[in-house]
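[1] For reference, the sequence and a predicted model appear below.
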Amino acid sequence: MHESNTFIKKTTPVENFMNPHYGDFIQGKDIVEHFKGGNHELSGSIDELEKQDVEFIPKMCAIATPSGTVEKEAFNQIVDKLVNEINSDECDGLIVNLHGATVSEEYLDADGEVLLRLRKKLGKDFPIVCTLDKHANVSTKMFKNADVLIVFRTCPHLDTYDRGVEAAKIIIEMIKKNINPTGTFIAPPMMINMTKQNTFEEPVNQIIKRMDEISDDDSVISASFALGFQFADVPELGSSFLVYTDNNADLSRTKCESVAEFAWENRHKYNLNALEVSEAVEIAKKSTEYPVILNDVGDNTGGGSSADSTFLLHEIIKQDVSNYCTVFFDPESVEKCAQKGIGQKVKLFVGGKVDDKHGDPVEIEGVVKNITDGIWEDSEIRHGGYTKYNQGKTALIETDKRGSIILTTLRQPPQSIGQITHIGIDPKEKQLITTRGVILPRPAYDPFAAKTILVNTKGTTTADLKNLNFKNIEREIYPINEPVFNIGTNNV
């Protein structure tokens, strides 16, 4: 499982999967111990299989934090191990959890390649059910090599557990030969901008409403809508729709066409919507209600970005804002704080060190208030369903403007409020808090937020598509182009 940002120059090596400091590489029964009782899709499948008294064999789990393209050696090492260990003579069906926006140096459609290798190994009639992230760029190759593709329904991803349960229920019914999934896959030539992907808000919630109506129909086995991931430059980039019925191709096609056509007709509503840096900081500074959350769109850590963009902090200092909180991935500064010790004054240059796309380092002075191991657990339902977090050794600096600057040793997307509370920050007491994401932080920060503002910053996850140089898309796609789309001729 990996969300690959192909606009990042640095590639993702096998260590990002195998090293417990960077990812999760878990085998056999340890998978059950790690995920049981959690909110991940694996947690849901495990619980449902046990509930129905179905014997299951946990094989392998390899997850890495979103980052650049997966190196060829890393992809093949992991996938070869996966495919070699799964045999049709020991089981009757397979649940596989992929992301859907994984890119390797060798395969632009890496998830499709995984499913193809599994299909070749297990045979054309072997039941395979695959769950995918809401940001999947679903491909024809994925669709043709899995019996059912199940995409998360919400963004932020709060239904991961339920999709795991759904996968388990479907694979059981397939093994019993009670159902014969028959699907339609439609990918209109369109992208939904990251700033418009909140499925609980207008306008995308109108697509979700129609998908829910389709899913509630007893004649439908599963129905999915993938938002797409605009930072993976791949041939079949974009949003897509999947509807599966029990051996009724005409019904599957009709229902899938109806929602795909609705989305296409409303494509102009899904474009960029974010404020510029100076305006966003000024609003936060003047707000009489707090905290105001500024989501740094261009440094979306959950989309693979650097986690050390400085554009917002430069502006916060320029506008003389006090009582703020911000987090930086900056191992070098963490070590300097550790060497000084808690209670000591430090002078540091923070951020802007990973690459040249996220601003210059910021000079700060302050006192080291706390140092932690950066490990915590969050039992609440968060984006992605994760409950265990590790951002490595973490330091908290307090400036004379009551600026709370948290420095981490590992890149950690901000899906848990524990990122700041575990080190002693009370979010309700801050005027301004910056996060590095778009929708991912919302479940954690919304309960405290007076308001949340998306900020149109530069960076490797810029929401402004004109800043991205696409080379691999095989079709014209809106909003880059104005393609012609005939709903009846684009079905798979």
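    Done, it's in. Numbers count the residues shown, from 1 in each chain.
[2] contacts, neighbours, all on C-alpha from now
    OK.
[3] mind checking which helix or strand of this protein has the lowest mean pLDDT?
    With mean pLDDT, DSSP states H and E as the measure, the helix or strand of the chain carrying the lowest mean pLDDT is strand 23-27 (a mean of 88).
[4] State the paired neighbours of that strand in the sheet, together with their directions.
    Using DSSP bridges, the strands paired with strand 23-27 are strand 60-64 (antiparallel).
[5] Which elements pack onto the helix or strand following the partner strand?
    Scanning forward in sequence from strand 60-64 by DSSP states H and E, the next helix or strand is helix 72-85. Packing contacts for helix 72-85, counted by 3 or more C-alpha pairs under 8 Å, 6 or more residues apart in numbering; DSSP states H and E, involve helix 110-122.
[6] The helix or strand that the helix it packs on is followed by pairs with which strands?
    Per DSSP H and E, the first helix or strand lying C-terminal to helix 110-122 is strand 128-132. Next to strand 128-132 in the sheet, as set by DSSP bridges, lie strand 94-97 (parallel), strand 148-151 (parallel).
[7] any idea which element residue 406 lies in?
    Assigned by DSSP H and E, residue 406 falls within strand 404-408.
[8] centre of the chain versus that strand, how much separation?
    23 Å (C-alpha atoms, centre = their mean, to the nearest Å).
[9] Show me the contact partners of it.
    323-331, 333-334, 374, 391-399, 420 (C-alpha atoms under 8 Å, 6 or more residues apart in numbering).
[10] Return the subset of the residues you listed lying in strands.
    Judged by DSSP state E, the contacts of strand 404-408 include 324-329, 394-398 as members of strands.
[11] If we only consider those residues, which is nearest to residue 66?
    residue 329 (14.1 Å; C-alpha to C-alpha).
[12] number of nearby residues for that closest one?
    27 (other C-alpha atoms under 10 Å).
[13] Residue 76 now?
    By the criterion of other C-alpha under 10 Å, residue 76 has 16 neighbours.
[14] Just name the most buried of the strands paired with strand 128-132.
    Greatest average neighbour count among the strands paired with strand 128-132 goes to strand 148-151 (a mean of 26), per mean count of other C-alpha atoms under 10 Å.
[15] residues contacting the residue nearest to residue 72 when sequence neighbours are not counted?
    Excluding the flanking residues, the one nearest residue 72 by C-alpha to C-alpha, 6 or more residues apart in numbering is residue 105, at 5.1 Å. Residue 105 sits next to 69-72 when contact means C-alpha under 8 Å, 6+ apart.
[16] Tabulate these in TSV, adding columns for distance to residue 476.
    Shown next, in TSV, are the contacts of residue 105 (distance: C-alpha to C-alpha, whole Å):
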residue	distance to residue 476
69	24
70	26
71	28
72	29
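[17] how about those, which pair is most distant?
    By the measure C-alpha to C-alpha, 69 and 72 form the most distant pair in the contacts of residue 105, at 9.0 Å.
[18] shared neighbours of the two, which are they?
    With C-alpha under 8 Å, 6+ apart as the test, residue 69 and residue 72 both reach 104-105.
[19] which helices and strands does the helix or strand residue 260 falls within pack with?
    In this structure, residue 260 sits in helix 249-265 according to DSSP H and E. Applying 3+ C-alpha pairs under 8 Å, 6+ apart, one finds that helix 249-265 makes contact with strand 181-186, helix 204-215, strand 240-246.
[20] quick one, that helix and strand 240-246 angle?
    Between helix 249-265 and strand 240-246, the angle comes out at 160 degrees (axes from the mean of the first three to the mean of the last three C-alpha atoms, to 10 degrees).
[21] Identify the residues contacting helix 249-265?
    Against helix 249-265 from outside (C-alpha under 8 Å, 6+ apart): 182-188, 190, 207, 210-211, 214, 220, 240-245, 487-488, 491.
[22] What subset of those residues is buried?
    182-188, 190, 207, 210-211, 214, 220, 240-245, 487 (16 or more other C-alpha atoms under 10 Å).
[23] now the residue positioned nearest the centre of the chain, what's its secondary structure?
    Here the mean C-alpha position of the chain is nearest to the C-alpha of residue 302 (C-alpha atoms, centre = their mean), at a distance of 5.3 Å. Per DSSP: H, G, I helix; E, B strand; the rest coil, the secondary structure class of residue 302 is helix.
[24] All further residue positions should be reported with the first residue as 17.
    Done: numbering now begins at 17, and the last item shifts to residue 318.
[25] so it makes contact with residue 455?
    No. In this structure residue 318 lies outside contact range of residue 455 using C-alpha atoms under 8 Å: 9.6 Å.
[26] Between these two, which contacts overlap?
    Between them, residue 318 and residue 455 share no contacting residue under C-alpha under 8 Å, 6+ apart.
[27] Let me see the contact set for residue 380.
    363-366, 415.
[28] Of those - the most surrounded one?
    With neighbours taken as other C-alpha under 10 Å, the top of these is residue 366, carrying 24 neighbours.
[29] ok, what's across the strand from it?
    Per DSSP bridges, the residues bridged to residue 366 are residue 378.
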